[in-house]
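Participant: below is the structure, and that's it, no one-letter string:
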């Protein structure tokens, strides 16, 4: 399943810079659980930034849950080395997450 999130250019740059860190794993926090991620994977996190879809990360099979964080208790984990850029496509602004992501048929590979 694919979900999309909106990142500012600065946040996306920070996530991409983490590819060179000792620990390349990053997280994206959400206020509500994307029910489609409860289905068997693999799952991809598509990123829109500056009004364009830019690419995607392969989501880890593990998710963190912090019930004490009322604003964003779910943390999706991904290895920044799985970043795959796509040709920029127009993206309408949204909040939270969306299932309306670019169609990459066939599905993105599970191994970069």
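Facilitator: All right, it came through fine. Just so it is clear, the model here is predicted, and its values are computed rather than measured.
Participant: dump the residue contacts of residue 2.
Facilitator: 43-44, 46, 56, 99, 101, 108 (Cβ atoms under 8 Å, 6 or more residues apart in numbering). Using the backbone N, CA and C atoms, a C-beta is placed for each residue, glycine as well.
Participant: quick check: the farthest pair among those residues?
Facilitator: The span of the contacts of residue 2, defined through Cβ to Cβ, is set by 99 and 108 at 15.0 Å.
Participant: and these two? Which one has more around it.
Facilitator: Set residue 99 next to residue 108 and count neighbours by other Cβ atoms under 10 Å: residue 108 wins out with 18 against 12.
Participant: check which helix or strand residue 12 maps to.
Facilitator: Residue 12 is part of helix 9-17, with elements assigned from DSSP states H and E.
Participant: next SSE after that helix?
Facilitator: Helix 9-17 is succeeded, C-terminally, by strand 25-30 (DSSP H and E).
Participant: what are the boundaries of the strands in the protein?
Facilitator: Per DSSP state E, the chain carries strands over the ranges 2-6, 25-30, 44-49, 52-65, 74-79, 84-90.
Participant: give me the sheet partners of the fourth one and which way each runs.
Facilitator: In its sheet, strand 52-65 lies beside strand 44-49 (antiparallel), strand 74-79 (antiparallel), strand 84-90 (antiparallel), with partners assigned from DSSP bridges.
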